[in-house]
Every structure is written in structure tokens, then in C-alpha cells.
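> Sequence and computational prediction follow.
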There are 2 protein chains.
Amino acid sequence: MPLDSPKDPKIAAKAALDPQNFALANCIRALSIDAVNAANSGHPGAPMGMADAATALFRNHLKFDAKNPDWPDRDRFVLSNGHASMLLYSLLHLTGYEDMTLEQVRNFRQWGSITAGHPEYGHAKGIETTTGPLGQGIATAVGMALAERRLAAEFGDDLVDHHTYVFTGDGCLQEGIGQEAISLAGHLGLGKLIVLYDDNDITIDGPTSISFSEDVPARFEACGWQVQKCDGHDGKALDAAIAAAKAETGKPSLIAMKTVIGFGSPNKAGSYAVHGSPLGRDEAALTREAIGWGYDPFVIPDDLAQEWRQIGTRGAKDREAWEARLAGKSAEVRDEFNRRVSGTLPHGYDAAVKAARDALFADPKKAATRKASQMALEPLTAALPEMIGGSADLTGSNLTRVKAVDSQYTRQAPGRYIGYGVREFGMCAAMNGITLHGGFIAYGGTFLVFSDYARNAIRLSALMGVGTIFVMTHDSIGLGEDGPTHQPIEHLASLRAIPNLTVLRPADTVETLEAWDIAIRNRHVPSLLALSRQDVPQLRLEAGDENLTARGAYVIRQFGEGRDVTLIATGTEVALAVQAAEALHGDGLNVAVVSMPSWELFEAQSDDYRQATLGDAPRIAVEAAGKFGWTRYVASEDDVIGMTGFGASAPIDRLYREFGITAEAIVARAKAVTRR
Amino acid sequence: MPLDSPKDPKIAAKAALDPQNFALANCIRALSIDAVNAANSGHPGAPMGMADAATALFRNHLKFDAKNPDWPDRDRFVLSNGHASMLLYSLLHLTGYEDMTLEQVRNFRQWGSITAGHPEYGHAKGIETTTGPLGQGIATAVGMALAERRLAAEFGDDLVDHHTYVFTGDGCLQEGIGQEAISLAGHLGLGKLIVLYDDNDITIDGPTSISFSEDVPARFEACGWQVQKCDGHDGKALDAAIAAAKAETGKPSLIAMKTVIGFGSPNKAGSYAVHGSPLGRDEAALTREAIGWGYDPFVIPDDLAQEWRQIGTRGAKDREAWEARLAGKSAEVRDEFNRRVSGTLPHGYDAAVKAARDALFADPKKAATRKASQMALEPLTAALPEMIGGSADLTGSNLTRVKAVDSQYTRQAPGRYIGYGVREFGMCAAMNGITLHGGFIAYGGTFLVFSDYARNAIRLSALMGVGTIFVMTHDSIGLGEDGPTHQPIEHLASLRAIPNLTVLRPADTVETLEAWDIAIRNRHVPSLLALSRQDVPQLRLEAGDENLTARGAYVIRQFGEGRDVTLIATGTEVALAVQAAEALHGDGLNVAVVSMPSWELFEAQSDDYRQATLGDAPRIAVEAAGKFGWTRYVASEDDVIGMTGFGASAPIDRLYREFGITAEAIVARAKAVTRR
């Protein structure tokens, strides 16, 4: 083996613990140093410190096949401390993932490369989720581990039996969402979730002792985890710890690894100076000597390269055996399994939607849209075994639980309904993980106002392009007495501002069903349903199969020929707009009422359609929320009947009246604009 | 004592443990039941379960004087589980806070009352912070406890020596922010923070065992807390536990109280049915019997009423002694203390701002606005000892640390700079607590994109009207290589959508200084500074004392007479707009460039000023962020030079070019609109 001995005696001592593991890990260290230096930007410290652990995991434990990266029964590997991205890119390159070429590694953090500053889902195979925003990796991994157990319960352990491994640093554990994930995983006894904690005593600002002095292993133990401690630079110790973690099947496992950040760097190891800055050329050279790495930048010697490639094919046998098992199943099981993991909808789905539609037209219902959502969920979850529901402790308010999913996910039996607890952020990240895992459509509920708590997980689903479904009820001051802390004002605008998220605020039972249908079909765009606490009449009464909500906006009522004014409304305010339009028409005006359940879907329509829908007449917008953003469709915020400040605590009718969101106010403004 | 014996033998056994405490607690239970019944809305379970603990605390420990609710050295009481609001309202009413009349209690959750569904800061004295969004109460309390120690370090224990008490339920501890708060408090050894945990095994969805099975006391111990367990219905045990918690001065204290939710209700106690729904008339009657309460709704017998009033005046002696101690101080100390707690700025402040301005005009600087912020902070923090800084582990990036605050807040010595750790939400809530405590102006930093993590704390500061200052750097794709996970896109829009928040995105060193000046003076509105990673030239070169940023927007450059087009830009894009304007003027067009650092401040200007600033010519907006909302100022989103989707990982110049945020693009669009 052409490796020099490490010049630094302390490093040599570590290397001696498991020389081959150390040599393989040096490949990661060297590539990480070189790529960060080339980009003159990035985080070398964590890849250098975690290289030994990553090597131990990939070499002897992680079940994967680099040439078949999408194999459904692969183990999942999540780099929760995403700034250590070069660790992952190095591993993918070394083990032979085809898209992770050396050229890509050289182009780390450059325009057009797949090697972004933080790992981006969809850029390269083997990146199981986007990480970087701290704490979300571990929470997303909890979702993956949840999904694995549920899928195994449905299809058997011979088809579904894989682990979820997470690398995490201090930051992920300081973030509150980390605790939400830890607590939920411990509660549900996710025995196949294994977290390797890079306990290096350093954060960007300096030693962790500036802000962090808790006993992390004790916290995990308090949350029901198996806990081990080991030397993070000792391949054999890591091996044994991972093996023991796999042997513990009733609890998730933490391996707290004592590591040195920037391991190998003579002048920067163990210091925050190596956290987020390149080593620089001189220190890179010194580091090469210290770790005994006598190769030029980006050069991996053949023997090590070959050994890494073998590691990358180690799982091929497992995959083949798995394929044989799948092939041995009945055609029915096989087809259903393949359907599920490919994310296609079953044949019966369209009929289920149509039957639900027809029933609404046959027997119109007045209902809160959260109730309409529950009504829609009944047949849809029955038709789609992949739907897995839940709520952040507001099941009775969100109305997310229905008959088909009425089996609680417990440590004993992974059912179809997850009690996420009062953990909105953890829930939304876990739902992303369930969706990313494959085989499921995850949905979960909380109050719209608490989308604030989960906001960055919603953002990540949009950035990744995964079809998680966020059910957000109590979507306006219509929430009533709970008051301004619980009444969303700015939330619709702030969610509409997120790229690639479909926000749906349906007006009645029919639009709510349509919204669900859109969300379910949208497997590459997340959807957020904003639903009411209070009842609304069914406005859509004319039978027909077209999903008008998919248009984003459409004329729901026309009073008279042509238009003197157009009223645009969403959700619960569409009924109010219709009421105002009737009054206006009684006063001789011609009025179109446009229901606009989704701005994003409307923007995707043709210019002609949008023009025809919005019309040329003056427009008024009506929404029981902040006015911000409505100037996209109306001339000024004066033409928005909405909120200008926070809400208040009082019964709903009083609130609408006091805040001037009334048919009278609409009529008055409509008359004013038609006189312009 | 005119109390019947409790009919329920189990309740009678509890009552016998401390009969007087029990009788006093029954007043709270009865008022809570009655008010929730009257509103037909609310959460009776927690007030009924925590009434005994609240009584023990207020009766024997809490240092307060109901007739002087603003006394600076009072203990702080935070009801983190804010849905138990009737507990607090009952206490305030019973102890004689003047504004909390019986009429207000009767009008619980009604329009115009001060008794909102959740306690709202500012509605009534004795409400130390707004709670309801779970977990934030405890995090805000951590800020109060931090502030107490720092103020004591400055003015001495004889002027500042009070405890911060928190009531919390399971929900606050399930929320991630709860853990952030617990971890930080333990790390900093906040010995005067005492948390009473209502361990009642119930959340809204049912038993906590649905989602929560961790060993909460062990988690607190892992985080460095003193932990006690006690019977939450035993006044004497509670007394002893609170006394022991006070005796522990080196660690924060948790008292885990086993309680029964809805204690006293024969058919609903111990069940989620009593969490968030009124008892109803019949169950209320049965409860009265069970607890031995023979009085009509809202009636408190004289002897108990009188005893409660005495509890409310118990602290008067302490207050008088404190006032005597304050009076015994030198005039200088007294004046400074009074200045600090009243939140007025010192005489030297204006001069410090002026000197800093003059220096910028004398010697203009090219600098990133985060650097400009640091330059501004140097003299301002030197002039204002009340400023207390910090960062969520991004000090070196946010540049929030300067000489005057260069003393780390540690458990040994409460300095002026807080390492909040990677805990953005906990930081922002704690900053609210520091500000609410009085005596301080708290500011703290993170990346703008991670405002997502802290969003609801920013919202609460706006709802409460407290002048917390959020420093958010790396405010656009200008962040560069870290990539789309770290590049804000929708964040400016989503923050501008929050009512009562001043968002400031300054363009250069001068505007940054002005922004800080605005934020510092705004003691009743929170401010958020969006600051750049990358350098910008100083554009404001003409000396003068007017804070133009306070106008929200103003003409920063005029090329030629009159206007063919107006370019509106914010932050780093103002320089770009100026560059484009120069080119346009070279091509014969007259152009005004409007710098618009704050939409909110601009909207507060007169119509005339706004009209004159915006002008009648076609307008182009330039901002390296999502276009959402800009239609307030321009005709359509086509006239916004900004982002339409997420960013990417690459060096900054490449990103601006690839995303078309260039002078050329501005010029092209300006020419197009002037040809309209």
C-alpha cells in the first residue's frame, strides 16, 4: 500500500488502530481539502473529522449499490450537517456513483455543477435529501425511518428491510427541531435509525462551550435511545459501535463519536478556523504530510480507488437477492410494490375522485373546509394505501384523521396515522422524509399560523420538489376566540412568496376535493391547503368533471352580461363575494365573481385564460388576511377587503364585522371603483 | 371558613394536604370554569389543574405588588402554556390588579375585553409577555432571566434581585424551541429561573403517550438543571419545592408537578375532553360539588376574596424597601437606573450618531452592509450600555460583536454578548424577553434565510410591540457558494407582510447607520435589518443630518431634469440601479433612482411625499430577491428585476449574471417601459 506513514505521531497512533480504514478515509480527507481549496469556499473541517466514521459505515455496513442508486431497499444515508457536503460528494465519487465524476468534485460550488455548497436532492444520485439548514436532516431521516417500518408492515421484511443512517454535528442537536426528531424517534422506537454524532467540541463561533454544555448522550437516553460512545477516528471501534447499533432493534441508536474537527491539519485541527474556511495551499501541504498523503490534488492512488469501487459494489449481491425475492412474489404484490415506490396512482383513484365529486353535486353540503377536507380524505385515503396522515396534536381541529388511516402509528405497530406531537417543524420535515423515502404520500396538519414554526421545512420541500402535503386549518380570523396569536394574517402572502409551493385555499366542499386531487397528483411540488374553521355553503352546484381549482382561478358566478366590476375572492370569502355581487347586481351592476383558490396555478394558465378570467373591469379582492401581494391582481391595496393589522379575540361574526370584511364593505368599495 | 367539604373523597384527601391553599385555589378553578362557560370557548383544564401550584406560588413566593405592577424589581411570572389564560386572569383579578375587573373576567374572549383567548402583553398589567404559541413563553422567560442577571451585574443585587417563574405544559416541552431554551438556560446557569411543569399526561389529542414518552426530568438534568418532582395538588409540597428551587442559585430549576388536568371535574378530569372545551353547565355544577364550592358563578366569598387581596399586597413591603434602597443611591445611579428601565436614550446618544455620520461623510467607505452595521455598532453600543448583543453561532458572519459588547455572557459573569448557539428561534424569543424585562435593547444575528426558523418570535415581537432588533445578514443570492438552502428569496416579502414590523434593507454605510438609529429609537416596534455579505460603495456622500432612511424611500440620484423612468431599488441593488441610470442617461433618458430601505416607513409618509418620490414616470424595481409584493410600486412583476425561483451555488458575480440581475437587464427593461 503506497501510503506514507503519517508524520504526526498522534495521527500515526490513530492510523494504527485500523490502518486500512484510515487510508481509505484519507481519500475523503484529501478530496475534501482539495475541492474546498479549489472553490476557495466551503467547510473542510467536518469532512476531515468524519472521514473515518464515513469510511467505516460505507465499507462495512451501509447497504447500497452505487450502480443502482435507486434500489428501493437500500439503506438511507443522510448528512444532516450538510455543510460537510464534500464528505458526501467524496463518498459518492469514490464508490462509483456515475454522475459524481471527478470533474464534478473539481467544480465544487460552481455554477452548473451538481456539487453545490450543500447537498441538493435531485442534483446527484445518493443525495437522499437536501441538507444545510441545521436539524432538518435528522428530522427528515426520522420520516424515512418511519416510512421504512410502515412499508415493511405492508410488504414484508423480505422486501423492505433497511436502515437509516444520519451524520450530525453539534448544530443539528442545538436546533430545536433536532430535539423534536429525537423525541419522536425515541417515542416510536425507530430501531433502524442510527445517528452518528460528530462530537468535536467546535461550532463556527468557537468551542461549543460558548453555548452548549449539556450532556448530549444523557439527553438521548432520556428520550429512549440506545447510546454508545466511541473514538471517531478508530475504524474498528466505529465498526463495533455500528454493529451494536444495528443489533438494537427496539430503540434508535446514537453513536457519540469523539472527533477532531479538521483532523490532520497541523495548525487548524481542533479549531473553529477549519469549520468554514479553506485550509489554503500551505496548510493543505502540511496536512498531506501529517496524514501521510503523498499525492497531488485530486489524485487518488489506484489501489485505494479500486478498493473504494469495490465498496461501491458490495451491495450488488444484496440487491440481486432482493430482486429475486421481489420476482418471487405474486404479480399482484410485485405490481403494487412497484407502483408504490414509483409514486404512480392506482387505477381506482380517478373513479374514487369522480364518485366523491358526484356525491357532492347530488347532495350539496354546507361545511367548514377543514370538514370538507375530512370528507374528501375518506374516499381518497381508502383508494390510496400510500397516504399516511397525521397532525401536530391538533387532530380534532385539523380533521386529518379518517377511517382508512385510523390506525395509530405506534412502536408496536406502524399504522397509517402519526401523532407527531406538538412538533410542527419536526412533523413537516418528517413528512418530507416519508415522501422522499418513497412508497408514500404524507400529509399532516396544524393551524395555519403555526406554519411559521415549520416554515423552513415547507421551503425545503419546495426546493427539493417533493410532493408533501401540508394541511393548515383555522386559516383566518375566522378562528375566532383564540385571538391574534392564533389568527394567521401574513401567512397566505408569505407562503405564496415561496417558489414552487402550491398554496390552495378552497372555497367550498367541491374546491376542497379538487384541491386534494391536485395535491395528490402533484408528486413533484409540495401543496399547502389552507382550510377554514367555520362553515361555508357549497357554491359549486353544477355537476361536471373538470377540476376548476386546477385553473387556479375561474368565474364562479356571473351576474348580468359583461362586467362593471370583478370580485376576486379566496376560500371562505368567496361566499361573501357572491353575497356582495348579488347586492350589487340588485343595484344594477354587472358583476363577475372569481374564485381564486391558487395563485400559483392561475399564473401557470395561458395569457388568454388569465385575461378572460380577470377581465377589464375594475377589480376588488376579498380575503380575510393581510393585503400584502394582492396588488398583483388589483390596482391598489385600497381595493382589497382584508386585514391591515393583527386580529383580535372575539367570536367570529364580531371579528368580520369589526374588521370590515363584510358584504357591505365589498359593495361600498365596488361602487366606489366603478365610479372612478 | 365557608367552604363545603369536597364531595369527592379523592379531592377531599388532596384538599386536606393544605386546606387553605386548596380553598384559595378553588377561587381560580371556579372563575376559570365560569369564564370559559360564559364564553363557550376556552381551555378550563389547565387552570383547574394548575390552580394549586399557582396559589402556592403567588401566596408565598412570587414577589409582586398588585397595586404597583410595573415595579422593576418584581418577580416575573410567565404562563408559557398561554391557553391556560384564565389561570392568569383569575390570579390578577383575585390579587387586585386594578385593570383586571370582574367585568373583564366575565367578558373573557369577547371583543374589546382585555381578557383575550391567550394572554396578550399590553392588554393588562401583570401579563409579562404574550403567550399561546407554544414553547415561546419559556424561551422568552430565559431572556428575562438573562436580563435580570446582567442588570444586577450593572446596578447591584440590592436594586435587581428577582426570580422568573414559568408555568409550562407538555406542549411547550415538545416544541423544539422549548429545548433550545432549556439548553441555553442550563448552559448559562440561570439560577433564578424556576419552571413549574404541569405534568398531566394529557394533550389536546389525548394522552401524551400518543406522542411523548421521554423522561422529561432526565432531559432537564442532562441540560444542567436542578430537578424536583412533587404532587401538584399539595400546597405544602409545592411550597417546599419552590423554596428549594430558590435555594439553588447555580442552576435553573424544574419542578415537575404531577397534576390532574381539569382537577375537580367528576366526568372530565384527567381527560383531553377538558383541555380545550368548556365544561358546560351540568359538569360545572357537578364540579362545584366535587370540590366543595357552594357559590354562584363568578362569586368569590368575602373571606377568600380578602385573603387573595392580602396576597396581592404582600409585596408592598418589599417594594417600599426597594424604593428606599434606590433612594439611597447617588443621583447619578438613580437617574441612570430609571433611564434604563424607562427605556429612554441617554443624552450622549444623538451626538454619537452625529459623529458617526460625519465620519462617514468625511471618509466614505466601500463596505458590505453587515460590515457597515458593525461599524455603526461600535459607537452606538459604546454610547448605549443597554445594548446587549449576540448571534446564533454566526458572530463572524453577522459581525454583531464589537468592542463595547466584547464581554461574553457566561455563567460566571453576565457580559454584554450572548452566544445563543445554533438556536435562532430560542434566540429571538429570548431577545424579546430581554427587551420585555426592561433595561435593555437586545439585538442578535443570524442569516436572513434562517429568519424562517425564528419567524413566530419575530411575529410575536410585532404583535406585542416591543423593540427587539433582528440582525439578518447574507440577505440575497449575494451569499454565493453556500447555495439555495442559504440564499433568501421570499424572505423580504414574507417579513414585509408581517404587520408592525419595520424591515430595513440599507444600501450603504450611511443608510445602515440610519437603519440602526431607527431601530434603536423604535422601542415599540421591532426592527429587522437585512444586510449584505458583499461590498457596496457608499452612495450617500452629501453631508447632512437628516435620516433619510426614516423616510422609507427617497430619491438618491437624479439624472437629468424630470423623469422618463424611475428605478426603485433596495440594499445592494441601489448601486446597481445607479449604474443602470448612468447608462440610461448616457442614452438620453432622464432617470430618478429611489432608494427604498423600508417599505413600512415609506407607507407612513404623507401622500404628497410618496407621490413625489415615486413620480409619474414608469417604474422599475430592482431587488435580488423574489418579486412577490413589488406590484405595490410597479405596474407588473415584469417590471421587477429580481428572482423568479430559488438561487444556486456559485460565486456571487456569476449568480447575479445568470439570474439576470444586472445593469444591462435594468437598462433593457427601462427602455422597454419608456417605449410603452
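Here it is on my side, so go on.
> C-alpha only now, for contacts and for neighbours.
OK.
> ok, now which ones touch A:A650?
Contact analysis of A:A650 by Cα atoms under 8 Å, 6 or more residues apart in numbering or on different chains lists A:480-483, B:109-111, B:116.
> repeat that with 7 Å
Shown in contact with A:A650 (Cα atoms under 7 Å, 6 or more residues apart in numbering or on different chains): A:480-481, A:483, B:109-111.
> Can you tell me which of the residues you listed has the most neighbours?
Neighbour tally across the contacts of A:A650 (other Cα atoms under 10 Å in any protein chain shown): the maximum, 29 neighbours, falls on B:R109.
> For that one, pull up the helix or strand it's in.
According to DSSP states H and E, B:R109 maps onto no helix or strand at all.
> tell me the contacts of it?
Counting by Cα under 7 Å, 6+ apart, B:R109 makes contact with A:481, A:649-650, B:39, B:115-117.
> Spell out which residues of the stretch 101-250 of chain A are next to chain B.
Within the stretch 101-250 of chain A, the positions adjacent to chain B are A:109-111, A:116-118, A:132-133, A:171, A:174-177, A:179-180, A:183-184, A:187, A:204-205, A:210-215, A:218-219, A:222-224 by Cα under 7 Å from any Cα of the partner chain.
> Quick check: A:Q487 touching A:L479?
Yes - using Cα atoms under 7 Å, A:Q487 is in contact with A:L479, at 6.3 Å.
> which residues touch whichever residue of the stretch 151-300 of chain A sits closest to chain B?
Among the residues of the stretch 151-300 of chain A, A:G176 lies closest to chain B, at 3.5 Å counting by Cα to the nearest Cα. Neighbouring residues of A:G176 by Cα under 7 Å, 6+ apart: B:176-177, B:179-180, B:423.
> Let me have those in a markdown table, extended by pLDDT and distance to B:K268.
A markdown table is the format used below for those (pLDDT from 0 to 100; distance: Cα to Cα, whole Å):
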| residue | pLDDT | distance to B:K268 |
| --- | --- | --- |
| B:G176 | 98 | 30 |
| B:I177 | 98 | 30 |
| B:Q179 | 98 | 31 |
| B:E180 | 98 | 34 |
| B:R423 | 98 | 38 |
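> From those, which land in helices?
Per DSSP state H, helices hold the following members of the contacts of A:G176: B:176-177, B:179-180.
> which residues does the closest residue in space to A:A51 that isn't next to it in sequence contact?
Of all residues not flanking A:A51 in the chain, A:A25 sits nearest, at 5.0 Å (Cα to Cα, 6 or more residues apart in numbering or on different chains). Applying Cα under 7 Å, 6+ apart to A:A25 gives the contacts A:51-52, A:55.
> Which single one of the residues you listed is nearest to chain B?
A:A51 (21.1 Å).
> Verify the stated contact: the closest one with A:R29.
Yes - assessed by Cα under 7 Å, A:A51 is found in contact with A:R29 at 6.4 Å.
> Alpha carbons of stretch A:361-371, as PDB, please.
Written as PDB, here are the backbone C-alpha positions of stretch A:361-371 (Å, rounded to 0.1, in the frame of the first residue of the first chain):
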ATOM      1  CA  PHE A 361     -73.200  17.600  -6.700                       C
ATOM      2  CA  ALA A 362     -76.000  15.200  -5.800                       C
ATOM      3  CA  ASP A 363     -76.300  16.300  -2.300                       C
ATOM      4  CA  PRO A 364     -74.600  19.700  -1.700                       C
ATOM      5  CA  LYS A 365     -73.200  20.300   1.800                       C
ATOM      6  CA  LYS A 366     -72.600  23.300   3.900                       C
ATOM      7  CA  ALA A 367     -69.300  22.700   5.800                       C
ATOM      8  CA  ALA A 368     -66.100  24.200   7.000                       C
ATOM      9  CA  THR A 369     -63.400  23.500   4.500                       C
ATOM     10  CA  ARG A 370     -61.500  21.500   7.200                       C
ATOM     11  CA  LYS A 371     -64.600  19.400   7.400                       C
END
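> and it, how far from the chain's centre?
31 Å (Cα atoms, centre = their mean, to the nearest Å).
> Just the buried positions in it, please.
A:361, A:364-365, A:367-371 (16 or more other Cα atoms under 10 Å in any protein chain shown).
> same check, this time on stretch A:557-569
For stretch A:557-569, by 16+ other Cα under 10 Å, it's A:557-559, A:563-569.
> Include pLDDT and distance to chain B when you put the residues you listed into TSV, please.
Shown next, in TSV, are the buried residues of stretch A:557-569 (pLDDT from 0 to 100; distance: Cα to the nearest Cα, whole Å):
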residue	pLDDT	distance to chain B
A:R557	98	27
A:Q558	98	27
A:F559	98	29
A:R563	96	22
A:D564	98	22
A:V565	98	20
A:T566	98	19
A:L567	98	19
A:I568	98	17
A:A569	98	18
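> Give me the subset of those that lies in strands.
Among these, the ones falling in strands (DSSP state E) are A:557-559, A:565-569.
> which of these lies closest to B:P385?
For these, the residue nearest B:P385 by Cα to Cα is A:A569; the value is 50.7 Å.
> Now do the same contact list for the closest one.
A:A569 makes contacts with A:577, A:594-596, A:621-623, as judged by Cα under 7 Å, 6+ apart.
> So which of those belong to strands?
Using DSSP E, A:594-595, A:621-623 are the members of the contacts of A:A569 that sit in strands.
> Derive a PyMOL selection command for the buried subset of the residues you listed.
A single PyMOL command selects the buried members of these (16+ other Cα under 10 Å):
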select buried, chain A and resi 594+595+621+622+623
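> Throw the ones in strands among the contacts of A:A569 into CSV and include distance to chain B and pLDDT, thanks.
As requested, those are exported to CSV (distance: Cα to the nearest Cα, whole Å; pLDDT from 0 to 100):
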residue, distance to chain B, pLDDT
A:V594, 20, 98
A:S595, 21, 98
A:A621, 14, 98
A:V622, 17, 98
A:E623, 14, 98
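> so where's the stretch 1-150 of chain A uncertain?
Flagging of the stretch 1-150 of chain A using pLDDT under 70 yields the residue ranges A:1-4.
> Okay, strands next: where are they in the stretch 51-200 of chain A?
Taking DSSP state E, counting those that start in this stretch as the criterion, the stretch 51-200 of chain A carries its strands at A:76-79, A:164-168, A:193-199.
> which of the residues of the stretch 101-250 of chain A next to chain B are buried?
By neighbour count, with 16+ other Cα under 10 Å, these hold A:109-111, A:116-118, A:132-133, A:171, A:174-177, A:179-180, A:183-184, A:187, A:204-205, A:210-214, A:218-219, A:222-224 as buried.
> hmm, back to that, quick check: the farthest pair among the ones in strands among the buried residues of stretch A:557-569?
A:F559 and A:A569 (15.5 Å).
> Now do the strand or helix carrying A:A16: everything it contacts.
Secondary structure assigned from DSSP H and E places A:A16 in helix A:9-17. Residues from elsewhere that reach helix A:9-17, judged by Cα under 7 Å, 6+ apart: A:5-6, A:22, A:233-235, A:264, A:291.
> Turn those into TSV, columns for secondary structure.
As requested, the contacts of helix A:9-17 are arranged in TSV below (DSSP: H, G, I helix; E, B strand; the rest coil):
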residue	secondary structure
A:S5	coil
A:P6	coil
A:F22	helix
A:H233	coil
A:D234	coil
A:G235	helix
A:G264	coil
A:I291	helix
